[in-house]
Each structure stands twice: as C-alpha cells, then as structure tokens.
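Q: test case, fold it:
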Amino acid sequence: MARKTDRAEADLAWLVRRLRIDEWIYPTAAIVAFVVLWDFSVRIFNIKTVVLPSPGQVYDSLIADWGELAPHLWFTIYEILAGFALSVVIGIAIAIAIVTWRPIEKSIYPLLVGSQVVPKIALAPLFVIWFGFGIEPKILIAFLIAFFPVVISTVVGLRSVEVEKLYLARSMGASEIQMFFKIKLPNAMPNVFAGFKLSITAAVIGAIVGEYIGADRGIGRVLLEANGDMETELLFAGIVLLSITGVVLFLIIDGLERVMIRWHVSQRLGE
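A: Numbering: from 1, shown residues only. Next comes the predicted model:
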C-alpha cells in the first residue's frame, strides 16, 4: 500500500514539474497582448461594430447569447469527437496494414494520397444527398479530414524503429505480435500522438465544413445565421468558442501524451 502511495505522489510531483508556470505565462501574455491590441485598434481607428466589434462587445454577446450557443456547441463537440474517434480507430488500423503487408501499401497508399487532393468541401454536398441533413455527414467529413495525419504519423512511427532491436528480439524468440506491442508500438507512440494533435484540430474544421453545407444545429449553423443577419458580435463569439474548443481538445491530447509516454526523451527533456 505504501509503495502505491509513493508511486502516486511521484506521479503527482512529475505532473507538477511538467505543468510549470512558465509554460503558461508566455501564451497567456501573448493572448492578453493580442486582445489589448485588438481593442486599441477598434478604438483608435473608430472601426464600426458591423466590421469589427471590440473584445468587450464580443464578450457581452457571448454572455448574452450563451443560452443559445451552448446547445449548438455541445452538438459540434460531439461531431468533432466522433469524427476524431473514427479517424483514430480506422487510421491506426490502416497504418498497421500498410506497414505489415506490402501489397496493401502498394494498393491503398496511392488512394489515400489521392483522397487528400480532392477538396472535402466538394464532397460535403454529396454526403448530404446520401445521408441527409442529420449528424452522419458532419461526422464523416470530420473523419475524412482528420484521419490522414493519423495514418501518416503512425506509419512513420512504426517504421522508425531500429532494425537492430527487431533482430535482437527475434533472436531471443519473440513473436511478431510480441515485437509489435513491446518494440514497434512504444517506439511509434510519439509519432502517433503527433498525428492525434493534427487530427483533433482537423476534426474541428471538418465538423464546421459539414455544418456549413447543411445543418439545423451546431456552431457552424450559428455562424451562417449570424453572418446572414449581420450580427458580427455573435459571429465573433462563435469563432471564439470554436478556437477555445480546439485549444482545449489539443491540450487534452497533449496531456495524455505527457502521461502515457513520459519515458520518452521528448518528455524528459522538458523537465
């Protein structure tokens, strides 16, 4: 019991070291400086609200319209997380297949690259025709935009393991499954998490693109209506919410990375 307590205390101390105050000072100062410059520019140049509202006006709109924005925000977050989850499951599976079987790489890899050339906004109307105006098209578009970074990063990570380690493990009688879970996958985790970070931000874009094409709910729908009604304060409030959502989701992935691969040199160097 004492050993478990000591381990928990050590983990907590490690997290405290990783979350040093200097990691928050610089981004917070940059945000404050940006908001001050924004407000200063609006006042000095006497910019009309319909063109660029002040930070205070955006904040007032965010508070006044929160009752309307909150349900749309949760709906969009659900789309983002669902698309991201699909990209993780399917992307990692495709990456493992590409690394494991050469014919799969030869046949699927060019299709994956070609699929990224097609603008996703061009596919969105087709998804609406095929699946209607429900949540499914938005999740699919978020998935299509988000899964490619997961595939590429995972493939690079799985292939970056030193051949000598594999030879040594094979000489000691390790099976392919054992080498995958003991050597290849741990070695690939930094790359995998890099793909996750790119994927979660891409999923935010995908969800909004889907809502722009056709939706009765979501922040994208709010932005379209605010733009049509020339409610610039509400428009900026929606953009701020999306930005905060993307940053929070990114930080969650970053936090999971710090906890799950704390042994990696990329994490130890920051201590």
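
Q: which stretches of this protein have low pLDDT?
A: The chain contains residues with pLDDT under 70 at 1-23, 263-271.

Q: ok, which stretches of the stretch 101-250 of the chain are helices?
A: Residue ranges of the helices in the stretch 101-250 of the chain, as given by DSSP state H, counting those that start in this stretch, are 102-117, 120-131, 136-159, 163-171, 176-179, 185-213, 219-228, 232-260.

Q: which one of those helices lies nearest to residue 91?
A: Judged by CB to CB, the one of the helices of the stretch 101-250 of the chain that comes nearest to residue 91 is helix 136-159, at 3.2 Å. The way it works is simple: take the backbone N, C-alpha and C, and place the C-beta from them, glycine included.

Q: the closest one: which residues count as buried?
A: Residues 136-158 are the ones in helix 136-159 that count as buried (16 or more other CB atoms under 10 Å).

Q: any idea how far it is from the chain center?
A: From the chain centre to the centre of helix 136-159 is a distance of 11 Å (CA atoms, centre = their mean, to the nearest Å).

Q: cool, stretch 90-110 as well?
A: Centroid separation between stretch 90-110 and its chain, computed with CA atoms, centre = their mean, is 23 Å.

Q: mind checking the end-to-end distance for it?
A: 17 Å (CA to CA, to the nearest Å).

Q: and the angle from the helix or strand harbouring residue 33 to helix 232-260?
A: Per DSSP states H and E: residue 33 is located in helix 22-44. In terms of direction (axes from the mean of the first three to the mean of the last three CA atoms, to 10 degrees), helix 22-44 departs from helix 232-260 by 170 degrees.

Q: which residues touch helix 22-44?
A: Around helix 22-44, the neighbours that count as contacts under CB atoms under 8 Å, 6 or more residues apart in numbering are 47, 52-56.
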